[in-house]
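Asks: What would the 3D arrangement of this be:
(chains A and B)
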Amino acid sequence: KQEVTQIPAALSVPEGENLVLNCSFTDSAIYNLQWFRQDPGKGLTSLLLIQSSQREQTSGRLNASLDKSSGRSTLYIAASQPGDSATYLCAVRSNTDKLIFGTGTRLQVFP
Amino acid sequence: ETGVTQTPRHLVMGMTNKKSLKCEQHLGHNAMYWYKQSAKKPLELMFVYSLEERVENNSVPSRFSPECPNSSHLFLHLHTLQPEDSALYLCASSQDAGWRADTQYFGPGTRLTVL
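Replies: Residues are numbered from 1 along each chain as shown, chains lettered A, B, ... in the order given. Model prediction:
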């Protein structure tokens, strides 16, 4: 059974710092991995999707990497801003086509 | 604006009440989903509909009853719920169910409290 773990559960950093969020999964037989952002009172917004054949994806200040063989992904946020404060969720698409989510990392960036 | 709307945004109900959650997507998608998000737990997939037919029922208790009258609307009918059913219920849609490269678009959720 696929399990997705995200570390740390919460993170508080000053504005301007570069930071890394971690995601690990137990079954390397995945089709893709997605990073989502969830703001309080709002739904999830897809940030980056990495196919199993890819190593990384970039969008603006965000970079996500995937090491399928070791069951790990990282989300790198450069030059963090207060507007980046949110919960970040990692999800893998398993061989049953379901999205399996982690519990998320709650990020707070303070001025 | 994600293109997926949910009503109501907040709902408080007693264990004997009957209520319904509504989801509407304006993206022309063929698949719709219900998820449950409880505190400190990962999102749990509840139901998947593809072209108005239920293709996934993830061992959800019968006190949750989904309905998909057309590809743009999805309902979750609730009756005789338990306090542990209190959670954020999220609706999502995607172009097609089971298309592995496809991304899902989420609504803002309904925060449900069962007293």
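Asks: my guess is A:I100 contacts B:E44, does it?
Replies: No - here A:I100 does not reach B:E44: they are 9.7 Å apart, not a contact under Cβ atoms under 8 Å. For every residue, glycine as well, the C-beta is placed using N, CA and C.
Asks: neighbour-wise, which of these two wins?
Replies: Between A:I100 and B:E44, counted using other Cβ atoms under 10 Å in any protein chain shown, A:I100 has the larger neighbour count: 23 against 16.
Asks: Name the SS class of the closest residue to the more buried one other than its chain neighbours, please.
Replies: Nearest residue to A:I100, sequence neighbours excluded (Cβ to Cβ, 6 or more residues apart in numbering or on different chains): A:Q2, at 4.7 Å. When classified by DSSP: H, G, I helix; E, B strand; the rest coil, A:Q2 comes out as coil.
Asks: measure A:Q2 to A:S70 for me?
Replies: According to Cβ to Cβ, to the nearest Å, A:Q2 and A:S70 sit 15 Å apart.
Asks: For those two, work out which one has more neighbours and name it.
Replies: The neighbour comparison of A:Q2 against A:S70 (other Cβ under 10 Å) goes to A:Q2, with 17 against 10.
Asks: List the contacts of that one.
Replies: A:F25, A:T26, A:D27, A:I30, A:V92, A:S94, A:I100 (Cβ atoms under 8 Å, 6 or more residues apart in numbering or on different chains).
Asks: Most neighbours out of those, which is it?
Replies: Among these, A:V92 has the most neighbours (other Cβ under 10 Å), with 29 neighbours.
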